[in-house]
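Participant: Everything below, folded, please.
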Amino acid sequence: MQIIQHVVVKQVLTEKSKQQLFDKYHARKRQFEKECDQLQFELKRLEKSKNYPQGTLKKHFEKEIEMRREKIKLLDFQIEQLHILPIGSELKEKEVQALIEVKAGDLWIDQDLQPEIIIKDGIIEEIRR
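Facilitator: Residues are numbered from 1 along each chain as shown. Alright, predicted model coming up:
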């Protein structure tokens, strides 16, 4: 019989992976900033056209802009935390599901102990059970 089990994927922080995370966070931050600028531009353009109710339009755009600003704040926090983390730290990257084969007579492993896959610079370094 096969069962599905959650497996945590952790990344060991190295100089290379730390730089990649910085680059990824900065790229996402730039993207959100670009989206904010684009939304502000669209709001001004639509306000000039006067085809839409001004109050509703402005509220909708301000909500979208604020959501992106919150994401920018979160990215700033993540960048700040990444500066603090020492090389060799393990970061939870994601959670995946794996099919596990079980049969009568197998030792039942406590479900509180999730297996982990440890990755270092994109290569699986260890599988912990």
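Participant: make it CA atoms for all contacts and neighbour counts henceforth
Facilitator: Noted.
Participant: Report the separation between residue 128 and residue 97.
Facilitator: Residue 128 sits 15 Å away from residue 97, going by Cα to Cα, to the nearest Å.
Participant: likewise residue 91?
Facilitator: 18 Å.
Participant: Pick out whichever of the two has more residues nearby.
Facilitator: residue 91 (14 against 11; other Cα atoms under 10 Å).
Participant: three-state assignment of the more buried one?
Facilitator: Look at residue 91: counting by DSSP: H, G, I helix; E, B strand; the rest coil, its state is strand.
Participant: in the chain, which helix has the most residues?
Facilitator: For the chain, the longest helix by residue count, based on DSSP state H, is helix 15-49.
Participant: Centre of the chain to that helix, how far?
Facilitator: From the chain centre to the centre of helix 15-49 is a distance of 15 Å (Cα atoms, centre = their mean, to the nearest Å).
Participant: Now that helix: buried residues?
Facilitator: Using 16 or more other Cα atoms under 10 Å as the test for burial, helix 15-49 gives 17-18, 21-22, 25-26, 29, 32-33, 35-36, 39-40, 43, 46-47.
Participant: ditto for stretch 83-97
Facilitator: So stretch 83-97, judged by 16+ other Cα under 10 Å, has buried residues residue 90.
Participant: Next, the distance between the ends of it.
Facilitator: With Cα to Cα, one end of stretch 83-97 sits 31 Å from the other.
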